[in-house]
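[1] sequence first, then the predicted structure:
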Amino acid sequence: MHSTTALLKAALIVASFAGASVAARADQLQDIMQRKELRCGTFADVPPFAAPDPKTREMVGFDVDMCGAIAKRLGVTAKITPLSVEARVPEVKLGHVDIAVANLAYTLSRAEQIQFSDPYYVAKEMLAVRASDPGKTKDDFKGKRIAATKGSTSELSIKLNGSEPLVFQDTGSVFMSVQQNKAAGMVANTMTIVKLVAESKKGGVELKMIDDPMLLQPIGVGMKKDEPALLAKINETLVAMDGAGEINQLWNKWLGPDTEYRQTRTDKVAPLSQLKFTPIP
């Protein structure tokens, strides 16, 4: 009888130690502070967010600078890990990177796999059509054929609008389909549309951008689920950076009015619950 009790006690002690080590392992923020390094996943080659500098081959861009600024406020160094578009969520989920700062849009399916910080800007999927088209709102293009890249949120926004998607592997082919009158318009993110509308004015068929967005996408920092301390710290850091004008400064450097993207950031870091948007599946 005594030996059974002793065995049970020993088993409980072992179990409690195992539980403690799991709890210690589960605190990713503590791990980051101890190793003095924030492993940050970015795009591998998507300017102006993250791409190798042609001269130095070092990773540069808005997301790279965001990683550096977050790490600096944590008092650690940033280790940039370039990721493919589809690897962003799995690498966070597996714990290969601590955070993903990679123009990562909040979607319901992604939120089942990882957790998101408060968004630091809201990306928009925009529609461009021929300048001669009388259409003024996205509703004017319901039932019409609109081009986008395959498997993108742009393609999804066309379906959600009740339009007919015509898909291609790359943005160049999407643009050409509108030029060649195969599609009534094209959908891409604001930066791409602004750039292509400007290009169209230099030659070919001139395009115009429709004012109302096809889709709103809150962009946040991706982290592993069940890491409350890390989530709280990243949110606190983003709010502090925003309040100090740091996010706007980095934005203006890479995406602002004086760049080819000509984007003005009007967003503020705020909880997802405060945003009026329809979550993407």
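    Arrived safely.

[2] which helix or strand contains Val178?
    Secondary structure from DSSP states H and E places Val178 in helix 171-179.

[3] residues in contact with the residue lying closest to Ala270 once chain neighbours are set aside?
    Nearest residue to Ala270, sequence neighbours excluded (CB to CB, 6 or more residues apart in numbering): Asp118, at 6.0 Å. (Each C-beta comes from the backbone N, C-alpha and C, glycine too.) Applying CB atoms under 8 Å, 6 or more residues apart in numbering to Asp118 gives the contacts 220, 235, 238-239, 269-272.

[4] which other residues reach the following helix or strand past the helix holding Val178?
    Per DSSP H and E, helix 171-179 leads on to strand 185-189 as the next helix or strand towards the C-terminus. For strand 185-189, the external contacting residues (CB under 8 Å, 6+ apart) are 123-130, 133, 141, 144, 146-149, 154-155, 157-158, 171, 174-175, 177-178, 193, 196, 207, 210, 214.

[5] quick one, strands of the stretch 51-200 of the chain?
    In the stretch 51-200 of the chain, the strands defined using DSSP state E, counting those that start in this stretch lie at 51-52, 59-60, 77-83, 99-105, 115-116, 121-130, 145-149, 164-168, 185-189.

[6] related to what we said a few turns ago, summarise which helices and strands the helix holding Val178 is packed against.
    Secondary-structure packing of helix 171-179 (3 or more CB pairs under 8 Å, 6 or more residues apart in numbering; DSSP states H and E): strand 121-130, strand 145-149, strand 164-168, strand 185-189, helix 190-200.

[7] how about the residue nearest to the spatial centre of the chain, nearest residue that isn't a chain neighbour?
    Nearest residue to the geometric centre of the chain (CA atoms, centre = their mean): Leu104, 1.6 Å. In this structure, Leu104 finds its nearest non-sequential neighbour in Gly222, 4.8 Å apart by CB to CB, 6+ apart.

[8] run through this structure and note the low-pLDDT ranges.
    For the chain, applying pLDDT under 70 flags the ranges 1-26.

[9] what number of residues lie near the closest residue to Asp98 other than its chain neighbours?
    The shortest distance from Asp98 to any non-neighbouring residue, by CB to CB, 6+ apart, is to Arg39 (4.7 Å). A total of 21 residues lie near Arg39 under the criterion other CB atoms under 10 Å.

[10] which ones are touching Arg39?
    Contacts of Arg39 (CB under 8 Å, 6+ apart): 32, 79, 81, 96-99.

[11] that concludes my questions; thank you for your assistance.
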